[in-house]
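Chemist: this is the structure alone, sequence omitted:
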């Protein structure tokens, strides 16, 4: 599994169930990377998508404890065990964890790689991503600087614990 997220300088990812940043280039990059793949998200992240609809041209999986939840165009899993069973025939490199905070925290140990867009700004946030710079098993392997409305970097980390 691969984690993908945009974070503020203090690793904030959202405020009131909305993204902190809408950087056109980053959203296009997200689309390019995840199109044709499987995306895994929590229910609140699903609700925050445009029109609360599954992302097109991707297999959408929503993790929710609501056992009777049904979403047209998405698969709902009520546990991490159910998710593992559902993904058993899907190559790990084709599965992207896209949020939110709780899903990132739960699935981070299972991710081999993380694509982080680090934005040099710190707007108010009430949802955060674990700081990979402080986790000894996560190693920074690539950083590409970008400038536009915000100064930001595309940063790739690998999880040394999973042999990456």
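Modeler: Cool, got the structure. Only a predicted model underlies this, so the values are computations on that prediction, with no experimental measurement involved.
Chemist: show me the contacts for residue 153.
Modeler: 117-118, 143-146 (C-beta atoms under 8 Å, 6 or more residues apart in numbering). C-beta: built from backbone N, CA, C; applies to glycine.
Chemist: for the residues you listed, which one is nearest residue 25?
Modeler: residue 146 (6.8 Å; C-beta to C-beta).
Chemist: for the helix or strand containing residue 61, which strands pair with it and how are they oriented?
Modeler: Secondary structure assigned from DSSP states H and E places residue 61 in strand 59-63. Strand 59-63 has its sheet partners listed here by DSSP bridges as strand 38-42 (parallel), strand 74-77 (parallel).
Chemist: contacts for the helix or strand just after the first one, please.
Modeler: Reading on from strand 38-42 to the C-terminus, the next helix or strand found by DSSP H and E is helix 43-48. Surrounding helix 43-48, the residues in contact under the criterion C-beta under 8 Å, 6+ apart are 14, 17-19, 52, 54, 60, 62-64, 66, 69, 71, 74, 98-100, 103.
Chemist: and what of stretch 17-33?
Modeler: 4, 6, 8, 12-14, 44, 47-48, 96, 100, 115, 117, 119, 121, 123, 125, 146, 148-150, 152, 154.
Chemist: mind redoing it with 6 Å?
Modeler: 6, 8, 12, 44, 48, 117, 119, 123, 125 (C-beta atoms under 6 Å, 6 or more residues apart in numbering).
Chemist: just the buried residues of these.
Modeler: Buried by 16 or more other C-beta atoms under 10 Å: 6, 8, 12, 44, 48, 117, 119, 125, out of those.
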